[in-house]
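Engineer: What follows is a predicted protein model with its sequence.
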Amino acid sequence: MRLWMIGIVVFATACSSSRAPVVAARPRALAAVDESPPPPPPVRAVTGDVKPYLLATPEESVRVARAMARAIAVVRHDGRELVLLDGCSAPGAYGFMGQEPATARVTVRGADEIQANFPWRASALSKAPRVAKGVEPLAIDTLVLGSRVTTRPVVAAKDLAGACEGATHFIRAVTIGSHVTVPATDAWPPDACGYAKPESVEAPAQCAAIVAMHLVPVGEGDPFREGALLGLPRPACPEGLVRRDLACVLPSDGAFQCGDADAAACEQQCERGHAGSCTRHAMRLDGDRKSDRTEVIRLYERACAKNERAACTSLASMKRAGDGTAKDEAGAARLFASACDAGHARACASLATMYGSSWEGGGDPMKAFELDDRACRGGDPAACASLGAHYERGRVVSRWHAKALEAYLRACDGGSAAGCNAAGDILTSHDSELPHDDARALALFDAGCNRDDGDACAALGRLVLAGRRPSPGRAIADDAFALFTRACTLESAEGCADLGEMFVKKGFARRDPVRARATFEDACDRGEGRACDGAATLYAAGEGGAKDDAAARKLRERALRAHEKGCAASREQSCWALANAARFGLGVTKDPERASRMLSEQCRDDKHRACASLAEMLAKGEAGTRDVERAKALASKACERGLASACNKK
């Protein structure tokens, strides 16, 4: 039976129960009500995130949907009006995440509460004096089938483009489904609503009205420092109102949702039975590792029992880790799955991580991909970064660099430095079918480096060293050296390996083999195989210190282990290094035939550095067979993809 029929069944059951005979009574006169228009409600300050109900007509929903299809949509919401600014937008995109259909009734009283909850249609809804004055409540039945969400948690004024005068908020998310004013005059909800599923990529066209908006103030902020990866925050209410159930209402004796900054209120309202306040209270305690973990579990369980999705997700994480309770991966998976189906993107992403690894329920890479896709559409940046990796590696689904870039950019919009770096890598990769875009990649790496991401600084330094960014006022090598130094200081193992290579670069004014040894060994200790190789070369040659063949052998062995681990994680550099080790006998017995097989496999996978190395082997007949024509073809292919070192071998 559909969810929206439950209320009808309960009502019918109550009416059929036995009761005393009805005795005729003299009708009572209704209390007189002043039918004159009520005074306008006060204009309440709108600060922080808010979630007003839209109650739009089909035409209005289409208008908002079109604005969201173009870019990040922007509104003016001043406490009196809510107006979509059609000509104003910010860069970004939305994705749709479905959920199990959920029905709810929103009840408010008086023009003040109507204004706060339904600013889009407040004037129309307040026309009846008895409703506007609170004599009669206004009730709206809603059915939610999913949300359309952007990963972007922050939009600054400088990000806005177009006719943006008066802009106050951007639309972070909208809930999708159907709504009707009680009592309904037509059949509700439409039959099409019953066909929606949590895994749906769109809501049915006949049940895709925008029910509510999640609005976030336009202002200065940095998504990398805004806790963006934690997901959508719980919206507040306009000044002077509190959130009870699903509406912003005037304060009264009932339990209500506490504010983020009021720890005492969260504890108090939790004890009064408000599940959302229990969730906030638990999260505050959860952030303190010295807190009573048993109490945190108790609070999450209490809120989860009342279908608080965030509480269920946090409880699942603790069960999976054995934090404050016995480790229970199967129980964690069930909680993640339930919260995911209820529309919580972080739960889907966490479950994807479980299916992407080995656990007692068994790994399932395809299931992991499907869950990452759902979570990314639901606005989870970490899931978008994982989704991009699925498309880039092509192990579960066909390799598709355009889709990988799209997912990485969504992750980057949400504050994921890894997403920004991966997007930049694709835009500069010799292995991608996409055209190179150095300018865009430089902007992505530069943004990450400015936010103290060491790997981004290292990637930026490599582009600078390759001459792909002007270095006004200083030598290219000096500019790259400064970036590698910063990357290494920020504990990037790749950055330290790059810095070590600068210290042994011939002709570089700051060449220093002694510092190169120390820098390489530091990066090797952090698992960077390239650095282990660099240190081994210096020990074997006696550069930067005494010659030590035994130390060199140990470093080669460590390099191999690091490369094997990296290759298993689909790092192209590591796979190429393993083939190189077999080709030249670096830490292993020299085996050109094995090297040729490894490079051939990588080349078939469109790894063009491997193609260039294979071309060298074929041209020289290193593996026993000389094939000059094939060598030229492979070198030409690598050259066309931008690998300069292959161009003189065509």
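Structural biologist: Perfect, thanks for sending it.
Engineer: okay, stretch 454-467 in CSV with CA atoms only?
Structural biologist: Output of stretch 454-467 as CSV, limited to C-alpha atoms (Å, rounded to 0.1, in the frame of the first residue of the first chain):
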residue,chain,number,x,y,z
GLY,A,454,50.8,20.1,-0.7
ASP,A,455,50.0,17.8,-3.6
ALA,A,456,48.4,20.7,-5.5
CYS,A,457,51.6,22.8,-5.0
ALA,A,458,53.7,19.9,-6.3
ALA,A,459,51.5,19.5,-9.4
LEU,A,460,51.6,23.2,-10.0
GLY,A,461,55.4,23.1,-9.7
ARG,A,462,55.7,20.3,-12.3
LEU,A,463,53.6,22.4,-14.8
VAL,A,464,55.8,25.4,-14.1
LEU,A,465,59.0,23.4,-14.6
ALA,A,466,57.6,22.1,-17.9
GLY,A,467,57.3,25.8,-19.0
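Engineer: For it, buried residues please.
Structural biologist: By 16 or more other CB atoms under 10 Å, the buried positions in stretch 454-467 come out as G454, D455, A456, C457, A458, A459, L460, G461, R462, L463, V464, L465. (Each C-beta comes from the backbone N, C-alpha and C, glycine too.)
Engineer: A535: which of those is nearest?
Structural biologist: The nearest member of the buried residues of stretch 454-467 to A535, counting by CB to CB, is A458 at 17.7 Å.
Engineer: The residue lying closest to Q99 once chain neighbours are set aside and V50: what is the separation?
Structural biologist: Counting by CB to CB, 6 or more residues apart in numbering, Q99 lies nearest to G343, which is 3.1 Å off, once chain neighbours are set aside. According to CB to CB, to the nearest Å, G343 and V50 sit 19 Å apart.
Engineer: and if you look at P204?
Structural biologist: Taken as CB to CB, the span from P204 to V50 is 28 Å.
Engineer: Could you check which of those two is surrounded by more residues?
Structural biologist: V50 (24 against 18; other CB atoms under 10 Å).
Engineer: how about the more buried one, what does it touch?
Structural biologist: H77, H169, L215, P235, A236, C237, P238 (CB atoms under 8 Å, 6 or more residues apart in numbering).
Engineer: Out of those, name the ones that lie in strands.
Structural biologist: H77, H169, L215 (DSSP state E).
Engineer: number of nearby residues for the residue nearest to the last one when sequence neighbours are not counted?
Structural biologist: Meaning L215. The shortest distance from L215 to any non-neighbouring residue, by CB to CB, 6+ apart, is to H169 (3.9 Å). Residues lying near H169 (other CB under 10 Å) number 25.
Engineer: hang on, H169 packs against G219?
Structural biologist: No: the pair H169 and G219 does not pass the contact test of CB atoms under 8 Å, sitting 9.6 Å apart.
Engineer: Can you verify my assumption that S596 contacts S613?
Structural biologist: No: between S596 and S613 there is no contact under CB under 8 Å: 9.5 Å.
Engineer: the more surrounded of those two?
Structural biologist: Counted by other CB under 10 Å, S596 and S613 do not tie: S613 has more neighbours, with 25 against 21.
Engineer: ok, that one - contacts?
Structural biologist: W576, A579, N580, R583, L599.
Engineer: Of those residues, which is the nearest to D512?
Structural biologist: Out of those, the member with the shortest distance to D512 (by CB to CB) is N580, at 25.8 Å.
Engineer: Surely the closest one is in a helix?
Structural biologist: Yes: according to DSSP: H, G, I helix; E, B strand; the rest coil, N580 belongs to a helix.
Engineer: burial count for it?
Structural biologist: By other CB under 10 Å, 18 other residues sit near N580.
Engineer: How much space separates K632 from R571?
Structural biologist: 29 Å.
Engineer: Then E301?
Structural biologist: Taking CB to CB, one finds E301 at 41 Å from R571.
Engineer: So, low pLDDT: which residues of this structure?
Structural biologist: When residues are selected by pLDDT under 70, those of the chain lie in 1-38, 184-185, 220-234, 361, 471-473, 649-650.
Engineer: Centroid-nearest residue for this structure?
Structural biologist: The chain has P381 as the residue nearest its centroid, 1.1 Å off, counting by CA atoms, centre = their mean.
Engineer: got the phi/psi numbers for the spatially closest residue to that one that is not a sequence neighbour?
Structural biologist: Counting by CB to CB, 6+ apart, P381 lies nearest to G414, which is 2.9 Å off, once chain neighbours are set aside. Note on G414: its backbone torsions stand at phi -90, psi 0 [degrees, to the nearest 10].
Engineer: can you check K197 too?
Structural biologist: phi -130, psi 150.
Engineer: before we move on, what about V144?
Structural biologist: Dihedral pair for V144: phi -110, psi 130, per degrees, to the nearest 10.
Engineer: correct me, but it touches E100?
Structural biologist: No: in this structure, V144 is not within contact of E100 by CB under 8 Å, at 9.5 Å.
Engineer: How many residues are close by L315?
Structural biologist: L315: 29 surrounding residues under other CB under 10 Å.
Engineer: before we move on, what about E60?
Structural biologist: E60, neighbours per other CB under 10 Å, totals 16.
Engineer: could you say what helices and strands the helix or strand where it lies packs with?
Structural biologist: Counting by DSSP states H and E, the element that carries E60 is helix 58-70. Helices and strands touching helix 58-70, by 3 or more CB pairs under 8 Å, 6 or more residues apart in numbering; DSSP states H and E, are strand 82-90, strand 169-181, strand 209-217.
Engineer: Save these as TSV, and put in distance to D245 too.
Structural biologist: TSV is the format used below for the helices and strands packed on helix 58-70 (distance: least, CB to CB, whole Å):
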stretch	distance to D245
strand 82-90	21
strand 169-181	15
strand 209-217	14
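Engineer: what's the closest of those to R243?
Structural biologist: R243 lies closest, by CB to CB, to one member of those: strand 209-217, at 12.6 Å.
Engineer: quick one: contacts of the closest one?
Structural biologist: 47-56, 58, 61, 64-65, 75, 77, 82, 142-144, 153-155, 168-179, 232, 235.
Engineer: Select only the buried ones of the residues you listed in PyMOL?
Structural biologist: If you want just the buried ones from the contacts of strand 209-217 in PyMOL, going by 16+ other CB under 10 Å, the selection is:
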select buried, resi 48+49+50+51+52+53+54+55+56+61+64+65+75+77+82+142+143+144+153+154+155+168+169+170+171+172+173+174+175+176+177+178+179+232+235
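Engineer: ok, back up a step: can you tell me how far the residue nearest to P381 sits from Y355?
Structural biologist: Taking CB to CB, one finds G414 at 22 Å from Y355.
Engineer: the more surrounded of these two?
Structural biologist: Neighbour count, other CB under 10 Å: between G414 and Y355, G414 has more, with 29 against 21.
Engineer: So for stretch 308-316, what gets flagged as buried?
Structural biologist: Under 16+ other CB under 10 Å, the buried positions of stretch 308-316 are E308, R309, A310, A311, C312, T313, S314, L315, A316.
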